[in-house]
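Q: The sequence and its predicted three-dimensional model are supplied below.
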Amino acid sequence: MTEQNNINTCISCNRDETVVPLVAITFSQNSTWICTQCLPTLIHDPQRLTDKFKDMTTENPPEPLN
């Protein structure tokens, strides 16, 4: 039996969990990973990641919390 090696990668920068710490997130019922270095982009400028998330568009990005 072969062990499958699934290495998670950051949705933003594509670095893997052997290089940077990753945080699991979900959006629109889809799970993904983001590294701690890219997390501020998700929080403060999510429009930069719209092409990475299914169902998020530039016309309908998440509203920033003020």
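A: On my side now, so go ahead.

Q: count of neighbours near Thr41?
A: When neighbours are counted by other Cβ atoms under 10 Å, Thr41 registers 15. All C-beta spots, glycine's among them, are computed from the backbone N, C-alpha and C.

Q: For it, give me phi and psi.
A: When quoted as degrees, to the nearest 10, the phi and psi of Thr41 stand at phi -60, psi -40.

Q: my read is Gln47 is in a helix, agree?
A: Yes: counting by DSSP: H, G, I helix; E, B strand; the rest coil, Gln47 is part of a helix.

Q: Tell me where the chain is predicted with low confidence.
A: 1-5, 54-66 (pLDDT under 70).

Q: switch to 80 and redo it
A: 1-5, 28-30, 50, 53-66 (pLDDT under 80).

Q: so where do the strands sit in the chain?
A: 22-27, 30-35 (DSSP state E).

Q: how about the ones you listed, which one is nearest Ser12?
A: strand 30-35 (6.0 Å; Cβ to Cβ).
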